[in-house]
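Chemist: Curious how this folds, go ahead:
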Amino acid sequence: MKAIVIGIMPQDKIRERILAIARGDLKPKPGDPTIWFTSIRSLAEVLSDDNRALLKIIRDTAPASIALLAEQTGRKPGNLSRTLKTMSHYGLVEMRREKNQVRPIAKATEFKIIAA
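Modeler: Alright, predicted model coming up:
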């Protein structure tokens, strides 16, 4: 699994960057961050030790549902679902709907962090 590059930059600078890319003034390089956080604190909340361990469990066990993952980790399904939704928002987890269940898929377990 390839490492995801994460950038940390103030919200206004992220917005400027996105607009420059949309206008065609800036072309992202291959090693540029694909996920952005506005502070190290927000990054630390999403990539806490527990959440990184959760990503590794998802990668190693490939659970068929959130309920099965909850059993494997000992976490409550509601709490786990909220955590996975947040991680999905940042592109760290894919939530794939299969039949009547939602299957979490880890997109990465290694990260390279660039603070601007």
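
Chemist: got the contact list for the residue positioned nearest the centre of the chain?
Modeler: With distances taken as CA atoms, centre = their mean, the residue of the chain nearest its centroid is residue 92 (2.2 Å). Each residue near residue 92 by CB atoms under 8 Å, 6 or more residues apart in numbering is listed here: 4, 35, 46, 47, 55, 106, 107, 108. Glycine gets a C-beta too; all of them are placed from N, C-alpha and C.

Chemist: again with residue 11
Modeler: Listed by CB under 8 Å, 6+ apart, the contact partners of residue 11 are residue 38.

Chemist: What's the per-residue pLDDT of it here?
Modeler: We have a pLDDT of 94 for residue 11.

Chemist: Residue 84 versus that one, what's the distance?
Modeler: 24 Å (CB to CB, to the nearest Å).

Chemist: per-residue confidence at the residue nearest to the centre of the chain?
Modeler: In this prediction, residue 92 has a pLDDT value of 94.

Chemist: Let the chain start at 741 from now.
Modeler: Fine by me, first position is 741 from now on; the one you just mentioned is residue 832.

Chemist: Now it. Its backbone dihedrals?
Modeler: phi -90, psi -20 (degrees, to the nearest 10).

Chemist: now do the one 5 residues further on
Modeler: Geometry field for residue 837 lists phi and psi as phi -80, psi 120, criterion degrees, to the nearest 10.

Chemist: Burial check on it, number of neighbours?
Modeler: 8 (other CB atoms under 10 Å).

Chemist: Model confidence for it, exactly?
Modeler: 92.

Chemist: quick one, which residue of this protein lies the farthest from its center?
Modeler: residue 765 (27.3 Å).

Chemist: Assign that one to helix, strand or coil.
Modeler: Taken by DSSP: H, G, I helix; E, B strand; the rest coil, the conformation at residue 765 corresponds to coil.
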